[in-house]
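In: Structure for the following, please:
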Amino acid sequence: MRFADPGVLALLLIPTGLAIYAWASRRRPPASTLALPPLGFITQLKSRGRARWRWILPAFRATGLALLILGLARPQLPRDVRDIRLRSRNIMMALDISSSMKAGDFQPGNRLTVARRMVTEFVRRREGDLVGLVLFAGRALLQAPLTPDIALLQDIIKRVDIGMLPDGTAIGTALALSLNQLKNLPVKASTIVLITDGANNTGQPLPLVAAEAARTLGIRIQAIGLSTRDTTSVALNGVWRVGNTAPRLTSGDEASLQRMAERTGGSYYRATDPEALSRIMDQIDRAERIDVHVGETRDYRELYPWFVIPGVLLLALELVAGATWLRSLP
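Out: Predicted structure coming up:
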C-alpha cells in the first residue's frame, strides 16, 4: 500500500495530541467545581454503569480524526502490475573512420562498411539503454550524445563515412570525449566500445592517459582491433585496388590496446574478418547485458472510502453518545 499524498499524514499529530491530552487529564478535576464538605468515603467507591465508559468518547474522537486524515492521504493498492525488463546501460561507441578503414580485406565492402553494419546491429539490440556515438580520425567528433532513441542512432550510423574528419588516428581524444559523456552517470553501468584498425598517432591525451582516467572513474573500455593476417587490397576511389598494401595492427599496437582495455577492467578483441567481428560484438553484448525484472504498476485502487466512512461514523457516534447515553452535566 502507498499514500498518494503522504504529506497529509503530518496531521496525525492532531489526534495523537488529543489522545495524550485526554489520557493525562482523566483524573484531573474540572475547572469549575462545587465546594462540598469532605466526603472521603466517596473516593473508595468504584465507578458504576455508564460512568465507566466515559473514556470511549475521546477514543472515538481521536480514532475518527485519524481515519479521516488517513483517507485524505489517499491510500492506494497496486491494481495493474506488469513485469518489465530493464537494462539501463550507458554505452559510448567510438568508431574509427580514418582512411585505413578503406581496406577491402573485410568483405563485402571495406572495414568501415562491415564495422558500420555490426555497430548498427549491436545498437539495435540495446533497446532500453542509453547509447552514444563518437567518430574519430585525426580528431574526434561527438556524432550522437547518449540517447535512448535507438532508431535515430541507427540512422546516424548509416550516414557515417570516411572523410568526415581530417585523417589520422586520435584514439586518446576519442576516449576522452566518450568519458565526458559518461562521467556523471552510474559507473558500473557505463562502458566504452572502441573500434579501430590503427595505433594512436595524433591528438591528446594519449590513450593510456585516457585509460587511466577511465579506470579512476570506474568506466570499462572494450577495445576491438580490426586487422587480418592476409590483407589483400585497399579500395581506392571505389574502383581500383592495390594488392597487399592494407595497413595492419602490429603486435605493439595490439599490446597497447590490450593494456589500455585491461587497465579499466575491459578486454581487447582482435577481429580478423566480418564473422569474427560479429562474434565479438555478440560477446560484448552479452557481457554488457544486465537484465533486471521489476514490477511496473500502471494503475492503483483507491482505498480512502475504507478510512473516511468509518472515521465519519466514529465522529458521529461520539457526538450522539456524548449527547445521550454518556451525557454528563458540567
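In: And Pro207, its phi and psi?
Out: Main-chain dihedrals, Pro207, degrees, to the nearest 10: phi -60, psi -40.
In: chain center to the helix or strand containing Leu152, what's the gap?
Out: Using DSSP states H and E, Leu152 sits in helix 150-158. Relative to the mean C-alpha coordinate of its chain, helix 150-158 is positioned 23 Å out (CA atoms, centre = their mean, to the nearest Å).
In: which residues sit against the helix or strand just after that helix?
Out: As assigned by DSSP H and E, the chain's next helix or strand after helix 150-158 is helix 171-182. With contact meaning CB atoms under 8 Å, 6 or more residues apart in numbering, helix 171-182 is reached by 90, 92, 94, 96, 132, 134-136, 139-142, 145-146, 190, 192, 194, 196, 199-200, 203-211, 213-214, 217, 219, 221. For glycine as for every other residue, the C-beta is placed from the backbone atoms N, C-alpha and C.
In: Out of those, list just those in helices.
Out: Pro207, Leu208, Val209, Ala210, Ala211, Ala213, Ala214, Leu217 (DSSP state H).
In: could I get those as a markdown table with pLDDT?
Out: What follows is the ones in helices among the contacts of helix 171-182, written out as a markdown table (pLDDT from 0 to 100):
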| residue | pLDDT |
| --- | --- |
| Pro207 | 93 |
| Leu208 | 93 |
| Val209 | 94 |
| Ala210 | 95 |
| Ala211 | 94 |
| Ala213 | 94 |
| Ala214 | 93 |
| Leu217 | 91 |
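In: ranges for the helices of the chain?
Out: Going by DSSP H, the chain shows helices at 13-24, 56-72, 111-124, 150-158, 171-182, 207-217, 251-263, 274-287, 305-323.
In: Gly7: which of these is closest?
Out: Checking the helices of the chain against Gly7 by CB to CB gives helix 56-72 as the closest, at 10.1 Å.
In: List the buried residues of that closest one.
Out: Neighbour-count burial for helix 56-72 flags 57-58, 60-72 (criterion: 16 or more other CB atoms under 10 Å).
In: ok, now stretch 136-154?
Out: Neighbour-count burial for stretch 136-154 [16+ other CB under 10 Å]: Phe136, Ala137, Gly138, Ala140, Leu142, Gln143, Ala144, Leu146, Ile150, Leu153.
In: Check the helices of the chain for me and report the most buried one.
Out: Mean neighbour count (mean count of other CB atoms under 10 Å) peaks for helix 171-182 among the helices of the chain, with a mean of 24.
In: Tell me the gap between stretch 255-271 and the middle of its chain.
Out: Using CA atoms, centre = their mean, the offset of stretch 255-271 from its chain centre is 28 Å.
In: no wait, stretch 129-136
Out: With CA atoms, centre = their mean as the basis, stretch 129-136 stands 18 Å off its chain's centre.
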